[in-house]
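Participant: sequence and predicted structure, then a few things I'm wondering about:
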Amino acid sequence: MAGEDGNSATEPEQAPHGRRYSGRVNNPETGAASRIESAARQIFFAVRHVRARDIGLLGRGVRFVIAGGFVAFIYLATTTLLANFFGLPFQLSLGIGFTTALVFHFSLQRFFVWAHNEDFSLPVHEQVGRYLLVAGAQYGTTAAVTAFLPSALHIPTTVVFFAWTIVVTASNFVIFRHGIFHAERSQESDI
């Protein structure tokens with residue numbers, strides 16, 4: 001069937017840059033919009049999946065990484081800015097950064113990472129108690145490590161701090177899952 005200009009409707013059109021394209025997908029003008037729409041749709045479904053309550057262990061790991069990344073940024077940025085840019089002693093900066101991050105972290109763990117369809121096994125006050133015990137141990141070990149290792153290893157305090165944060169983060173996932181934010185009844189599918 002011929003179009004208004006006499007060309008066949010099934011024959012690909014000539015693009016302004018010399019390439020041939022046919023249909024919306026390869027059209028440089030509509031293709032970008034289509035790719036953006038497709039990416040937005042994929043992001044929407046990913047966010048919806050991450051927010052689901054029945055997410056499984058892998059999904060909880062993803063949530064833990066998202067929350068942890070946000071809290072780590074707050075913790076590291078606050079501590080580093082106070083110590084390196086405002087000149088506060090590192091141990092004082094560490095305490096302020098740790099306390100700031102702690103408030104965000106408990107909330108994200110309880111309401112985002114470990115939210116599930118079942119009730120928590122522990123009431124909130126017991127979760128807070130256990131959480132603060134873990135946080136105190138984390139703070140004590142971080143303070144000790146950053147106080148003694150930099151001079152012993154002849155490396156900057158910030159490098160030791162960043163490395164120790166990674167070690168503590170990995171151990172916290174296991175402790176939180178099994179000892180603080182676990183569901184009331186066992187989730188066999190998560191094992």
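Facilitator: All right, it came through fine.
Participant: least trustworthy helix or strand in the protein by mean pLDDT?
Facilitator: strand 20-21 (a mean of 48; mean pLDDT, DSSP states H and E).
Participant: give me the most central residue, this structure.
Facilitator: The structure's the chain has its C-alpha centroid closest to Ile66; by CA atoms, centre = their mean the separation is 1.2 Å.
Participant: what distance do you get for Ser151 to Val160?
Facilitator: As defined by CB to CB, to the nearest Å, Ser151 lies at a distance of 10 Å from Val160. Heads up, the C-betas are built off the backbone N, CA and C, glycines and all.
Participant: ok, these two, which is more surrounded?
Facilitator: Shown here are Ser151 and Val160; by other CB atoms under 10 Å, Val160 has more neighbours (20 against 10).
Participant: which non-adjacent residue is nearest that one?
Facilitator: Distance criterion CB to CB, 6 or more residues apart in numbering; nearest residue to Val160, sequence neighbours excluded, is Leu149 at 4.8 Å.
Participant: and the host helix or strand of that neighbour, what other elements does it pack with?
Facilitator: Counting by DSSP states H and E, the element that carries Leu149 is helix 124-153. Under the contact criterion of 3 or more CB pairs under 8 Å, 6 or more residues apart in numbering; DSSP states H and E, helix 124-153 touches helix 90-108, helix 157-175.
Participant: most tightly surrounded among these?
Facilitator: Across the helices and strands packed on helix 124-153, averaging neighbours per residue (mean count of other CB atoms under 10 Å) puts helix 90-108 on top, at a mean of 17.
Participant: packing partners for it?
Facilitator: Taking 3+ CB pairs under 8 Å, 6+ apart as the contact cut, helix 90-108 packs with helix 56-80, helix 124-153.
Participant: neighbours of Arg60, how many?
Facilitator: 21.
Participant: got any ranges where the chain has weak pLDDT?
Facilitator: The model of the chain has pLDDT under 70 over residues 1-33, 39-40, 42-54, 117, 185-191.
Participant: same thing but at 50, please
Facilitator: Residues of the chain meeting the criterion pLDDT under 50: 2, 8, 15, 21-24, 187-191.
Participant: quick one, which of the helices and strands packed on helix 90-108 is packed in tightest?
Facilitator: Per stretch, and counting mean count of other CB under 10 Å, the top mean among the helices and strands packed on helix 90-108 goes to helix 56-80, which has a mean of 17.
Participant: next, the angle from that one to helix 90-108.
Facilitator: 150 degrees (axes from the mean of the first three to the mean of the last three CA atoms, to 10 degrees).
Participant: what angle separates helix 56-80 from helix 157-175?
Facilitator: Using the same axes, to 10 degrees: helix 56-80 against helix 157-175 is 150 degrees.
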